[in-house]
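# sequence first, then the predicted structure:
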Amino acid sequence: MGKSLNLQAFPEEVTEDGIKIYGETSYENQIAVLSHYLHNSEVKVTRKLKDEIVSSVREFLSRKQFRQGLVDEELSDEEIWKVAEDATQYDLFSDFFDIPFPAPKNPKFTFIDLFAGIGGFRIAMQNLGGKCVYSSEFDAKAQESYFANYGEMPFGDITKESTKSYIPKKFDILCGGFPCQAFSLAGRRLGFKDETRGTLFFEIEAILRKHQPKAFFLENVKGLAIHDKGRTLKTILEHLDDAGYDVVPPQILNAMDYGVPQHRERIYIIGFRKDLGINVEDFHYPEPTTPGKLRPKFRDVMEEHEVSVKYYLSTTYVETLIRHKARHEAAGHGFGYKIIDLDGVANAIVVGGMGRECNLLIDKRLTNFTPITHIKGEVNRDGIRKMTPREWARLQGFPDSFRIVVSDTSAYKQFGNSVAIPAIQATAEQELKMLNLI
């Protein structure tokens, strides 16, 4: 049927900060409905959902025919439904199935992926034999990356009841790296007073109360442990207990102990439904898989070949960084750029310029110093460059088969916001063993 779906071909309504505005009838929501159904077609659908799927397929066909200059064919609802039921037979849906990370054919358990980002939790859980039956992500560019890699458009704003209404009644595990900015050691650290981010935890609580999955696995910045003198975490744990879950005492794990050369500490919160009778004292967080001398080095994830000159800093930029660091040192602060040891580990990759400036490296393989972007000064001759998005992907444990389909700016943001896959997977494996799911 010709060229397959390209989400970039359709207009997007976004806010000034790049967040998509969702509606129940938006095209993105239709693709979310359709893609979730196509990957979970064995699940019995309600009459309402069937009508939405038919409507989505009809809209999808109409848009595709319009783009290809074809005459709009009037198909009955029955004919449309046959298309949806036998989707793999139609090139129309190739983007939904020609993906790097399909679900396992015989899954051992099911999970939902909340605040999904670019699917770090999803890859970890699929590696362990799980199938994702629902995903939700608010950011438009992250959605684009998610669709390109899993063939599934995440649903949007999880605070809306219409979005939550698509969550299946039954699933085994709730996964979520809920927004961490409100609890970070940097910034204002408003916690639950931050109405747009901190309170999103209560969406998780509401879903747990309604659906009662067997367990959950939550991730956040380590600053959550000490925020408001520990009262914020205490409140979270009390709400999880009241929702019907025995919670394992949270623990901070470092990604560099689990196979990636990145110093990245995050707090993990795991809980089991009370009626399962699981003694949380029997749960043990995973021992480091790469301790001490076994720890990988940044050199192990470094680009194999010469990278583009666009990643190399200009002489003017380098001079600015040097002055900036000197000012902070004079004031007794430790802020400023850092050049990492290629035989050591990277600092935590985080969103914003600081994440890149604290992870500069010296790479003297550059042979063409002609700038391809507008810079002040010249390209530095000392080999100082920032890491590439692919290097950031590797620092988070993403396989090289992960498709980077967005700009570098968006890619840095997405990988900086992601979970470290190997640490998540090692911890989830312990959780799933307790549940006898693997």
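That came through fine.

# who's in contact with Asp282?
For Asp282, the contacting residues are Met434, by Cβ atoms under 8 Å, 6 or more residues apart in numbering. (Glycine included, C-beta is placed from N, CA and C.)

# all helices for the stretch 51-200 of the chain, in order.
77-85, 94-97, 120-127, 140-150, 161-164 (DSSP state H, counting those that start in this stretch).

# tell me which residues of the second one come out buried.
Of the residues in helix 94-97, those scored as buried under the neighbour-count criterion (16 or more other Cβ atoms under 10 Å) are 94-96.

# check the offset of it from the chain's centre.
Averaging C-alpha positions (Cα atoms, centre = their mean, to the nearest Å) puts helix 94-97 20 Å from its chain's average.

# that helix - contacts with which helices or strands?
helix 27-39 (3 or more Cβ pairs under 8 Å, 6 or more residues apart in numbering; DSSP states H and E).

# in the helix it packs on, what's buried?
Quick answer for helix 27-39 (16+ other Cβ under 10 Å): 27-39.

# with stretch 333-345 instead?
336-338, 340, 345.

# export those residues to JSON lines and tack on pLDDT, distance to Phe155 and secondary structure?
Shown next, in JSON lines, are the buried residues of stretch 333-345 (pLDDT from 0 to 100; distance: Cβ to Cβ, whole Å; DSSP: H, G, I helix; E, B strand; the rest coil):
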{"residue": "Gly336", "pLDDT": "85", "distance to Phe155": "41", "secondary structure": "coil"}
{"residue": "Tyr337", "pLDDT": "93", "distance to Phe155": "39", "secondary structure": "coil"}
{"residue": "Lys338", "pLDDT": "95", "distance to Phe155": "39", "secondary structure": "coil"}
{"residue": "Ile340", "pLDDT": "97", "distance to Phe155": "38", "secondary structure": "coil"}
{"residue": "Val345", "pLDDT": "96", "distance to Phe155": "36", "secondary structure": "coil"}
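
# ok, so of those residues, who is nearest His239?
Nearest to His239 among the buried residues of stretch 333-345: Val345, at 35.2 Å, using Cβ to Cβ.

# where in the stretch 1-150 of the chain is pLDDT low?
Applying pLDDT under 70 to the stretch 1-150 of the chain flags residues 1-25, 64-73, 88-91.

# my guess is Asn347 contacts Asp341, does it?
No - using Cβ atoms under 8 Å, Asn347 is not in contact with Asp341; the gap is 10.9 Å.

# pick the most deeply packed of the helices of the stretch 51-200 of the chain.
helix 120-127 (a mean of 26; mean count of other Cβ atoms under 10 Å).

# and that helix, what other elements does it pack with?
strand 109-114, strand 130-135, strand 173-176, helix 421-434.

# angle of it against strand 130-135?
Helix 120-127 runs at 150 degrees relative to strand 130-135, counting by axes from the mean of the first three to the mean of the last three Cα atoms, to 10 degrees.

# all helices for the stretch 201-350 of the chain, in order.
With DSSP H, counting those that start in this stretch as the criterion, the stretch 201-350 of the chain has helices spanning 201-211, 231-242, 315-330.

# give the next helix or strand downstream of the last one.
By that I understand helix 315-330. helix 353-357 (DSSP states H and E).

# go ahead and measure how far that following helix is from the middle of the chain.
Distance, centroid of helix 353-357 to centroid of chain: 19 Å (Cα atoms, centre = their mean).

# for Asp246, what are its contacts?
By Cβ under 8 Å, 6+ apart, Asp246 lies in contact with 271-274, 278, 280.

# neighbours around Asp228, how many?
Residue crowding around Asp228 was assessed by other Cβ atoms under 10 Å; the count is 16.

# on the pLDDT front, check Phe192 for me.
The model reports Phe192 with a pLDDT of 60.

# just confirm Glu329 contacts Gly336, I think it does.
Yes - the criterion here is Cβ under 8 Å, and Glu329 meets it with Gly336 at 7.1 Å.

# ok, back up a step: dump the helices of the stretch 51-200 of the chain into a markdown table; add distance to Arg299 as well.
Formatted as a markdown table, these follow (distance: least, Cβ to Cβ, whole Å):
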| stretch | distance to Arg299 |
| --- | --- |
| helix 77-85 | 49 |
| helix 94-97 | 36 |
| helix 120-127 | 23 |
| helix 140-150 | 27 |
| helix 161-164 | 43 |
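
# could you give me the buried positions within stretch 310-329?
Within stretch 310-329, the residues scored as buried using 16+ other Cβ under 10 Å are 311-315, 317-318, 321, 325.

# mind checking the longest strand of the chain?
In the chain, taking DSSP state E as the definition, the longest strand is strand 265-273.
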